[in-house]
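A.B. asks: Build me a structure from this.
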Amino acid sequence: MKSVTIVMIEDDAGHARLIEKNIRRAGVSNDLLPFADGASALTYLLGAAGGRPHLVLLDLNLRDMSGTDILAKLKTTPQTRRMPVIILTTTDDQREIQRCYDLGANVYITKPMNYENFAHAIRQLGLFLSV
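C.D. replies: Predicted structure coming up:
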């Protein structure tokens, strides 16, 4: 079984470090590929990802594009539509949360994140990941 690569799309370096720390604290040792912008992450996921299993951690508020646009593109592209996507964002607006679920997000977590909720979500997806 191929190990799942975690793709983190987060443009705030402090948040990215905290997310990685929490992933490691949850006992997840999978490869983690950080992207600081949506365009390069999309290029990777739509091209270079090459059929390997991925889990996407996605911030909605990126400098170069909207996380919801990335989510919509991933979920409407045949080779990426089954990739699990966890939204990690500061936005707790109910309409935005519903929109993300409607677009195909698997989990929506508001930052600053509750470590237990985050670890639980990662472990739940860990049934799918080889951790």
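
A.B. asks: Could you use CA atoms for every contact and neighbour count after this?
C.D. replies: Will do.

A.B. asks: tell me the SS of L42?
C.D. replies: Here L42 is recorded as helix under DSSP: H, G, I helix; E, B strand; the rest coil.

A.B. asks: Test my guess that it contacts A72.
C.D. replies: No - contact between L42 and A72 fails when scored by CA atoms under 8 Å: they sit 11.2 Å apart.

A.B. asks: Now do the closest residue to A105 other than its chain neighbours: how many residues are near it, please.
C.D. replies: Nearest residue to A105, sequence neighbours excluded (CA to CA, 6 or more residues apart in numbering): V85, at 5.2 Å. Using other CA atoms under 10 Å, V85 has 26 neighbouring residues.

A.B. asks: how about V85, phi and psi?
C.D. replies: V85 has phi and psi values of phi -130, psi 120 when expressed as degrees, to the nearest 10.

A.B. asks: What's the separation between it and I9?
C.D. replies: Between V85 and I9 the computed distance is 11 Å (CA to CA, to the nearest Å).

A.B. asks: List the residues that are in contact with both of the two.
C.D. replies: Common neighbours of V85 and I9 (criterion: CA atoms under 8 Å, 6 or more residues apart in numbering): V56, L57, L58.

A.B. asks: Secondary structure class of the second one, three-state.
C.D. replies: Secondary structure, three-state DSSP: L57 is strand.

A.B. asks: could you pull out the strands for this structure?
C.D. replies: Secondary structure of the chain by DSSP state E: the strands cover 5-9, 32-35, 54-58, 85-89, 107-110.

A.B. asks: Tell me which of these lies nearest to E116.
C.D. replies: For those, proximity to E116 was assessed by CA to CA; strand 107-110 is nearest, at 11.2 Å.
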